[in-house]
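1. this is a predicted model, with the sequence first.
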Amino acid sequence: MQIQLSHLIPLPLRDKLLQRTSDIWNKDVTFSPGSFIKIKAPSGTGKTTLVHYLYHIRYDYSGKIIVNGKPWQDYNKSALATIRQQQVSIIFQDLRLFDQLTAWENIELKRVMGPAPACTGEQVQEMAARLQVTHVLQQSARTLSYGERQRIAIIRALVQPFQWLLMDEPFSHLDEENTRRAAALIAETCKAQQAGFVLTDLDNDVHFNYDVQYQL
Ligand SMILES: Nc1ncnc2c1ncn2[C@@H]1O[C@H](COP(=O)(O)OP(=O)(O)OP(=O)(O)O)[C@@H](O)[C@H]1O
């Protein structure tokens, strides 16, 4: 699944962004299938805005995002729902777990949503063990620490089929050891699914072997 950006500019930031250079805004950029892509930018320069554009839950931009040859705007709701179930997964910066459900139920909801789960319940248990969150799986999501919530959100994003994984500062509340474990799990899962990812972050990092790095 190819994603192309064509002269994308957020309308609220238009004047500000046109005053500086960017590898992404107002450029023609192609995200090739299977690529590990890093987008770096200081706080407040539009990382979350871009991720929400890529997931097509925000559309206040000029220019185009072309997915498999067709602008996002040309997909109907049903096609978009199918794409989000089977082709594009996401780790939101604000995580968006359902507080009224347990950590396990949050993951399970995503795992069994589509016609063919990408992994088994046993594999979810293995992921939880690797990220050291087995002991919180039966707890209500609202009772988890932010770091635990972040690891549950990471697992939840990995249990559905996807060709692209969007990640908005996914390790912001994890210590170095947990970041290392989470990054390894993400890289393995992407490789197994032959998927690429787009990761936004504030700084340089060596969590992944990136194929491309952009400055937002
Ligand atoms: N709907 C909106 N209308 C007007 N301005 C907005 C809107 N959404 C975001 N902004 C502004 O756009 C800028 C970029 O916001 P965004 O959340 O995308 O930044 P970010 O790079 O993800 O920041 P952080 O690293 O702090 O999470 C901010 O100055 C924000 O106030």
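-> Now that the structure is in, tell me what you want to look at.
2. now stretch 176-195: how far from the chain's centre is it?
-> 13 Å (C-alpha atoms, centre = their mean, to the nearest Å).
3. list the buried residues for that stretch?
-> By neighbour count on 16 or more other C-beta atoms under 10 Å, the buried set for stretch 176-195 is 178, 179, 181, 182, 183, 185, 186, 189, 190, 193, 195. Bear in mind the C-beta positions are built from the backbone N, C-alpha and C, glycine included.
4. quick one: which of those sit in helices?
-> Mapping these onto helices (DSSP state H) picks out 178, 179, 181, 182, 183, 185, 186, 189, 190, 193.
5. could the residues you listed be laid out in JSON lines, adding distance to the ligand and pLDDT?
-> As requested, those are arranged in JSON lines below (distance: C-beta to the nearest ligand atom, whole Å; pLDDT from 0 to 100):
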{"residue": "178", "distance to the ligand": "20", "pLDDT": "96"}
{"residue": "179", "distance to the ligand": "17", "pLDDT": "97"}
{"residue": "181", "distance to the ligand": "23", "pLDDT": "97"}
{"residue": "182", "distance to the ligand": "19", "pLDDT": "98"}
{"residue": "183", "distance to the ligand": "19", "pLDDT": "98"}
{"residue": "185", "distance to the ligand": "23", "pLDDT": "98"}
{"residue": "186", "distance to the ligand": "20", "pLDDT": "98"}
{"residue": "189", "distance to the ligand": "24", "pLDDT": "97"}
{"residue": "190", "distance to the ligand": "22", "pLDDT": "98"}
{"residue": "193", "distance to the ligand": "26", "pLDDT": "95"}
